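> based on what follows, work out the 3D shape:
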Amino acid sequence: MGFCGELMAITSHPAHAFLLSMPASGPDGQNVRDHVSSFLDLMHSEDRESKRGLVDAVVDFLHKSGLKEEAGSVWEVAAEKNVYPDAVKRKSSCYWLINLHVMSDGTAVIALSRTLAWFRRQMLISGTCPSRIDIVTGWGRRSRVTGASLVREAVENLLSIFRFPFFTENNNNGCFVGYGEPLSRWLVQSYVERMHLL
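Residues are numbered from 1 along each chain as shown. Below you'll find the predicted structure:
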């Protein structure tokens, strides 16, 4: 970990012990979720931006290191503990917004995968499917930023691999939209539950 690891050790920051003692994911990932939950409880005095930055770095690192179950578990706990309060919003009864634009590309892929899996589970339990899902990656029609968006590219790649029925609307390249019967047919597919492992 180099200098940052030494600094965390010297200051006794809870992140140091958290990272050193991160367990490998058990069969259901509960051990990782418990570990992350305990850590985030220790971080109660930290502001949301600090927590979000650390969680983003950890999920991105785990994802890019091939530890995708662990990355998914960290994301799920962070979402439960409201570290990303604007990541998933209900716009109306069956219309949802998934906002990924404040995340790194690896975190965005994990967040999107686990959120779509959650939608699938809710649909199977309730029998009700979202009528529309907007996936915001940023760098769309109101952005002043130019060039390639790593989050947008990573999300588009994931959605293409799994043939998500998305499109961009009103020339807004920073938002993918899925709705109606194509969305319902897609969400029922079993692979939606395991997308984060790709």
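> alpha carbons only for contacts and neighbour counts from here, please
Will do.
> would you map the helices across the protein?
2-11, 14-20, 30-42, 48-64, 68-80, 105-126, 150-161, 180-187 (DSSP state H).
> nearest spatial neighbour of the most centrally placed residue in the chain, skipping sequence neighbours?
Closest to where the C-alpha atoms of the chain average out (CA atoms, centre = their mean) is A111, at 1.3 Å. Residue nearest to A111 in three dimensions, not counting chain neighbours: W75, with 6.4 Å by CA to CA, 6 or more residues apart in numbering.
> quick one: that neighbour and V55, what's the gap?
The gap separating W75 from V55 is 8 Å, by CA to CA, to the nearest Å.
> those two: who's more crowded?
Between W75 and V55, counted using other CA atoms under 10 Å, W75 has the larger neighbour count: 28 against 23.
> which residues does that one contact?
55, 59, 107, 110-111, 114 (CA atoms under 8 Å, 6 or more residues apart in numbering).
> how far off centre is stretch 82-99?
Stretch 82-99 sits 12 Å away from the centroid of its parent chain (CA atoms, centre = their mean, to the nearest Å).
> and that stretch, C-alpha only, in CSV?
The C-alpha trace of stretch 82-99 is given here as CSV (Å, rounded to 0.1, in the frame of the first residue of the first chain):
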residue,chain,number,x,y,z
ASN,A,82,-27.1,5.4,2.2
VAL,A,83,-23.5,6.2,1.2
TYR,A,84,-24.8,7.0,-2.3
PRO,A,85,-28.2,8.6,-1.5
ASP,A,86,-28.8,9.6,-5.1
ALA,A,87,-27.8,6.4,-6.8
VAL,A,88,-31.3,4.8,-7.1
LYS,A,89,-34.4,7.0,-7.0
ARG,A,90,-38.0,6.2,-7.6
LYS,A,91,-39.4,8.8,-10.0
SER,A,92,-42.9,7.4,-9.9
SER,A,93,-44.5,4.1,-9.0
CYS,A,94,-42.8,2.1,-11.8
TYR,A,95,-40.2,4.6,-13.1
TRP,A,96,-36.7,4.5,-11.6
LEU,A,97,-33.5,6.4,-12.1
ILE,A,98,-30.0,4.8,-11.6
ASN,A,99,-27.5,7.6,-11.2
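> returning to what we had before: for G138, which of the helices of the chain is the nearest?
Closest approach to G138 among the helices of the chain (CA to CA): helix 150-161, 7.1 Å.
> need the residues that contact the closest one.
Against helix 150-161 from outside (CA under 8 Å, 6+ apart): 100-101, 103-106, 108-109, 112, 137-139, 166, 174.
> with stretch 131-139 instead?
Contacts for stretch 131-139 (CA under 8 Å, 6+ apart): 94-101, 145-146, 149, 151-152, 155, 173-180, 183-184.
> try it again with 6 Å
94-101, 152, 174-180 (CA atoms under 6 Å, 6 or more residues apart in numbering).
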